[in-house]
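Student: Quick one: sequence plus predicted model below, questions after.
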Amino acid sequence: MNKSNEMIKHLDNILVKIDLLSENNNYELKCDFDVIKSVRQTIREFKDILQKNIMAIDLQKVKEISEIIYDLNNDNLFSDFTDSISTEYYAFQFLLQEKLKGKEK
């Protein structure tokens, strides 16, 4: 599997978790659903960009989403649920960094 496909898989996993959270908050997590909705939309944008032109990805947005996900995880005392979202996003960021390094050479 190439890095772009791996990144998309990590983003898909995040979307599944966000959908679970949005549909049924049985997890009793502290979160702002407007922020979660924004994260979902941005993750979808990232997926579209990865499929077209990875160089067009907004690294500032990548950083902002990272901070939001960290705060979500921190606010919920690093629950298994939020930690898995954080882990998936970290993996996405790592692969993105590696891919961009390769493009710059």
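Tutor: Everything's here; your move.

Student: Check which residues of the lengthiest helix in the chain are buried.
Tutor: Identified as the longest helix of the chain according to DSSP state H is helix 80-104. Buried positions in helix 80-104, judged by neighbour count with 16 or more other CB atoms under 10 Å: Phe81, Thr82, Ile85, Ser86, Glu88, Tyr89, Ala91, Phe92, Gln93, Leu95, Leu96, Lys99. From N, CA and C alone the C-beta is placed, and that goes for glycine too.

Student: Contacts only, for the residue nearest to the third one when sequence neighbours are not counted.
Tutor: So the one you mean is Ile85. Distances taken as CB to CB, 6 or more residues apart in numbering put Lys17 closest to Ile85, at 5.0 Å, once the chain neighbours are dropped. Contact analysis of Lys17 by CB atoms under 8 Å, 6 or more residues apart in numbering lists Phe81, Ser84, Ile85, Glu88.

Student: give me that answer again for 10 Å
Tutor: Taking CB atoms under 10 Å, 6 or more residues apart in numbering, we find Lys17 in contact with Tyr27, Phe81, Thr82, Ser84, Ile85, Glu88.

Student: Same check on Asn76?
Tutor: Shown in contact with Asn76 (CB under 10 Å, 6+ apart): Tyr27, Glu28, Leu29, Lys30, Cys31, Thr82, Asp83, Ile85.

Student: And it, how far from Ile54?
Tutor: Remark: distance between Asn76 and Ile54 (CB to CB, to the nearest Å) = 31 Å.

Student: in the protein, which spans are helices?
Tutor: Going by DSSP H, the chain shows helices at 3-23, 33-52, 59-75, 80-104.

Student: Now those in JSON lines, please, with extra columns for mean pLDDT.
Tutor: Listed next are those as JSON lines, based on pLDDT from 0 to 100:
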{"stretch": "helix 3-23", "mean pLDDT": "91"}
{"stretch": "helix 33-52", "mean pLDDT": "94"}
{"stretch": "helix 59-75", "mean pLDDT": "96"}
{"stretch": "helix 80-104", "mean pLDDT": "91"}
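
Student: From the centroid of this structure, which residue is nearest?
Tutor: Tyr89 (4.2 Å; CA atoms, centre = their mean).
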